[in-house]
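Peer 1: sequence and predicted structure, then a few things I'm wondering about:
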Amino acid sequence: MNKLEQLRGGTPQWRRLHALQNLVLQDLLYGIDVAADTQHSIWTVETPVGATITRRLDAYTPPASEPAVFVKRWLSSEPLTGMAGQWRAVEPDHPPPISLTDFDKAFRSLPLPGTCTQFVQFKSNADQGGQNIKDFLSSTESSLRQVQPCNVILDLRYDDGGDFTNTYGFARDLPKLIPPAGRILVLTGPATFSAGISTAAFVKHAGQARVVIVGESVGDRLQFFSEGGSACLPNYPLCVAYETGKHDYQHACTDWDVCFWLNYFFQFRVKSLDPDEVIPLSFKNWRAGVDPVLDRAVTLAMPVSRG
């Protein structure tokens, strides 16, 4: 993992996320001198009961028709559309928590059973999977105005970007859609990236002390470059991405030769997006059908009894 993390720039948590993605790529394992061969590798694992098992895994070249997904999708055992039938997903021992069901839905809003809290989840800041983000935001805002939940849990842990202008208005108005004493519990993690970070910052700026961040650190710093393009070699299928627009969510960005021009119209500042409570996810929790981050957010949203 330490070697794989060197293949990527950025924060430690972002490099670790991509190292997980690359852990199953045999040519990379060979290239970083972890595997001795390009076609297979030898794995030794320890089982939950402490036994040691060694297996040889042969490389597999997927056909072009087989879907490829970012590592965040691995949290779902739901079958991928277009995946060959012989592939089997690891199943948890218990039903998954509400945060991991319907994982291919980019946007969801639903009341949490037994509470007065609304759960809102974004996995993108742009249209995805047949869902229109502007339609979702409009219907969700109308529903929140009508229902008036006491708190909102905003799950951005799997929101790795898109167009931040889509969620700005919703995030700005969210504190007004719940009672003055209500809280907004923002869930973040390493896959919270780009416009996902922007959305978290919008909410934090708008809600101030009413916003509580739970989970793990977002995947980037609060100063980052985006809004670029790509360039490809003329005689070899290799392209690189470049980013030319600077975002700075902690300080005023005034050099408009460097700063992303659209931020001029979206003035907001936050001191930090560090979690107020750091709660990591684990395979043990996943296997048990438990989401400790969501569970803690629900607890924080509960009214405080006074004796």
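Peer 2: Yep, it's here.
Peer 1: so where does Gly114 fall, helix or strand?
Peer 2: Element membership of Gly114 [criterion: DSSP states H and E] is none; it lies in no helix or strand.
Peer 1: what's the distance between it and Ala301?
Peer 2: 12 Å (CB to CB, to the nearest Å). (Glycine included, C-beta is placed from N, CA and C.)
Peer 1: name the residue in these two with the higher neighbour count.
Peer 2: Ala301 (23 against 7; other CB atoms under 10 Å).
Peer 1: tell me who's in contact with that one.
Peer 2: 115, 117, 150-151, 153, 183, 185 (CB atoms under 8 Å, 6 or more residues apart in numbering).
Peer 1: all helices of the stretch 51-200 of the chain, in order?
Peer 2: Counting by DSSP state H, counting those that start in this stretch, the stretch 51-200 of the chain has helices at residues 133-147, 165-173, 195-207.
Peer 1: got CSV for those helices, with mean pLDDT too?
Peer 2: Formatted as CSV, those follow (pLDDT from 0 to 100):
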stretch, mean pLDDT
helix 133-147, 96
helix 165-173, 96
helix 195-207, 96
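Peer 1: closest to Tyr158 out of those?
Peer 2: Of all the helices of the stretch 51-200 of the chain, helix 195-207 sits nearest to Tyr158, with 8.2 Å by CB to CB.
Peer 1: following element in sequence after the closest one, please.
Peer 2: Per DSSP H and E, the first helix or strand lying C-terminal to helix 195-207 is strand 211-215.
Peer 1: so what are the sheet partners of that following strand and their directions?
Peer 2: strand 184-188 (parallel), strand 277-278 (parallel) (DSSP bridges).
Peer 1: pick the most deeply packed of the ones you listed.
Peer 2: Mean neighbour count (mean count of other CB atoms under 10 Å) peaks for strand 184-188 among those, with a mean of 26.
Peer 1: quick one: average pLDDT of that strand?
Peer 2: Mean pLDDT, strand 184-188: 98.
Peer 1: circling back: let me have the helices of the stretch 51-200 of the chain in JSON lines, extended by distance to Gly9.
Peer 2: Shown next, in JSON lines, are these (distance: least, CB to CB, whole Å):
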{"stretch": "helix 133-147", "distance to Gly9": "29"}
{"stretch": "helix 165-173", "distance to Gly9": "26"}
{"stretch": "helix 195-207", "distance to Gly9": "16"}
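Peer 1: Throw the strands paired with strand 211-215 into a markdown table and include distance to Tyr249, thanks.
Peer 2: Shown next, in a markdown table, are the strands paired with strand 211-215 (distance: least, CB to CB, whole Å):
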| stretch | distance to Tyr249 |
| --- | --- |
| strand 184-188 | 13 |
| strand 277-278 | 20 |
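Peer 1: of all those strands, which lies closest to Gly245?
Peer 2: Here strand 184-188 is closest among the strands paired with strand 211-215 (CB to CB), at 22.5 Å.
Peer 1: kindly calculate the angle that that closest one makes with helix 195-207.
Peer 2: Orientation check (axes from the mean of the first three to the mean of the last three CA atoms, to 10 degrees): strand 184-188 against helix 195-207 gives 160 degrees.
Peer 1: pLDDT below threshold where in the stretch 201-307 of the chain?
Peer 2: Flagging of the stretch 201-307 of the chain using pLDDT under 70 yields the residue ranges 303-307.
Peer 1: now do the strands in it.
Peer 2: Using DSSP state E, counting those that start in this stretch, the strands of the stretch 201-307 of the chain run over residues 211-215, 223-226, 229-232, 239-242, 245-248, 277-278.
Peer 1: so Pro111 versus Pro149, what's the distance?
Peer 2: From Pro111 across to Pro149, the span is 7 Å (CB to CB).
Peer 1: what sits in contact with each of the two?
Peer 2: With CB under 8 Å, 6+ apart as the test, Pro111 and Pro149 both reach 117-118.
Peer 1: distance check, Pro62 against Phe70.
Peer 2: From Pro62 to Phe70 the distance is 15 Å (CB to CB).
Peer 1: so the two - more neighbours on which side?
Peer 2: The neighbour comparison of Pro62 against Phe70 (other CB under 10 Å) goes to Phe70, with 13 against 10.
Peer 1: list the contacts of the more buried one.
Peer 2: 21, 160, 191 are the contacts of Phe70 under CB under 8 Å, 6+ apart.
Peer 1: quick one: which of these has the most company?
Peer 2: Ala191 (24 neighbours).
Peer 1: which stretch among the strands paired with strand 211-215 comes nearest Leu28?
Peer 2: strand 184-188 (27.9 Å).
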